[in-house]
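Q: I would like the atomic coordinates for the input below:
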Amino acid sequence: MQELIRLENVSLWRRTQEEFSYDFKKTVLSLLEGKYKKPSKQLVLSQINLVVEQGEKLGIIGANGSGKSTLLKVIAGILKPSSGIAKVKGQISPLIELGAGFDDNLSVKDNIILYGVMLGFSRKEMKERTKTILEFAELEDYALHPLKGLSSGMTARLGFAIATDVKPDILILDEVLSVGDEQFRQKCQKRLEKMWNEQAAILVVSHDLEFIKRSCEKVIYLQQGQIKSAGLPEETVSQYLESIH
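A: Residues are numbered from 1 along each chain as shown. Next comes the predicted model:
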């Protein structure tokens with residue numbers, strides 16, 4: 001199988017909220033008063049080594065704040081590692097943050113085209129896909145409405161419909177099955193099950209451990225930005241549950 005993702009000793013430092021709020025005026029005053037302290041940074045990912053091959057289904061589990069979403073953002077190219085090497089081949093469709101990549105002022109239809117172009121598909125192809133995407137998201141009546149008029153659940157449905165319709169080489173899913181009503185969640189799961197049999201590599205973050213055990217071939221358990229364990233789903237999920245109990 002072709003190797004699509006390789007992370008070698010990837011670490012990432014991120015600024016804390018304190019550093020974000022440290023404005024120029026405060027900095028000058030604290031320097032004059034001799035009280036200046038350099039704002040701290042936090043190590044969010046530490047020495048991550050990971051290989052994902054074509055067709056592989058990888059589950060990522062861990063407590064809130066363990067670095068799961070950050071790891072996905074590094075793989076998707078949204079964040080750059082502070083050190084180490086991240087190599088990714090093929091087209092990626094990341095469904096990481098609700099509404100990320102959308103423009104509130106554009107219509108739903110134009111957002112579908114924009115999102116697809118951002119993923120590397122042509123305008124022509126995205127125009128051809130618009131009808132099926134709207135149908136799956138159950139938003140046919142909202143095609144010409146501005147995106148800002150949609151509820152958060154509708155926006156989530158739209159994002160999922162686009163990300164799973166374009167047939168990427170790598171599909172990245174972060175808690176997408178926790179949005180929408182029960183009927184739509186079941187619809188999403190059926191589409192994912194169909195994709196599971198295809199050659200896309202799928203990386204999924206979920207707190208639904210039964211889904212992870214049932215659907216993934218391999219699972220990594222993150223703890224404080226480090227891979228605590230990696231292996232078969234049943235064993236890795238058991239280690240995670242033991243650690244939190």
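Q: now the helices for the protein?
A: For the chain, applying DSSP state H gives helices covering 17-20, 24-32, 68-76, 108-118, 123-137, 152-165, 182-196, 209-215, 233-244.
Q: these: which one's closest to residue 227?
A: Nearest to residue 227, of all the helices of the chain, is helix 68-76, at 9.2 Å by C-beta to C-beta. Every residue, glycine included, has its C-beta placed from N, CA and C.
Q: so what does the closest one touch, helix or strand wise?
A: Packing contacts for helix 68-76, counted by 3 or more C-beta pairs under 8 Å, 6 or more residues apart in numbering; DSSP states H and E, involve strand 3-15, strand 41-53, strand 57-61, strand 83-88, strand 92-95, strand 170-174, strand 201-205.
Q: phi and psi next, for the spatially most central residue of the chain.
A: For the chain, the residue nearest the mean C-alpha position is residue 96 (2.9 Å; C-alpha atoms, centre = their mean). Backbone torsions for residue 96, taken as degrees, to the nearest 10, come to phi -110, psi -50.
Q: and it, how close does it get to residue 194?
A: Distance of residue 96 to residue 194, computed by C-beta to C-beta, to the nearest Å: 21 Å.
Q: circling back: of all the helices of the chain, which lies closest to residue 50?
A: helix 68-76 (8.1 Å).
Q: looking only at pLDDT, what's the mean for that closest one?
A: Averaged over helix 68-76, pLDDT sits at 93.
Q: angle of that helix against strand 41-53?
A: Angle of helix 68-76 versus strand 41-53, following axes from the mean of the first three to the mean of the last three C-alpha atoms, to 10 degrees, is 60 degrees.
Q: where in the protein is pLDDT low?
A: Across the chain, the ranges flagged by pLDDT under 70 are 16-28, 30-31, 33-40, 98-99, 176-180.
Q: how does it look with 50?
A: 18-20 (pLDDT under 50).
Q: quick one, what contacts residue 165?
A: Contacts of residue 165 were listed using C-beta atoms under 8 Å, 6 or more residues apart in numbering, and they are 129, 132-133, 136.
Q: do the same with residue 69
A: If a contact means C-beta under 8 Å, 6+ apart, then residue 69 has 96, 174, 205 as its contacts.
Q: columns distance to residue 157 on top of the residues you listed, output as a markdown table?
A: Putting the contacts of residue 69 into a markdown table (distance: C-beta to C-beta, whole Å) gives the following:
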| residue | distance to residue 157 |
| --- | --- |
| 96 | 16 |
| 174 | 15 |
| 205 | 19 |
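Q: ok so, going back, of the helices and strands packed on helix 68-76, which is nearest residue 224?
A: strand 41-53 (7.8 Å).
Q: need the contact list for the closest residue to residue 14 other than its chain neighbours.
A: Spatial nearest neighbour of residue 14, excluding adjacent residues (C-beta to C-beta, 6 or more residues apart in numbering): residue 44 at 4.9 Å. Counting by C-beta under 8 Å, 6+ apart, residue 44 touches 12-14, 67, 70, 225.
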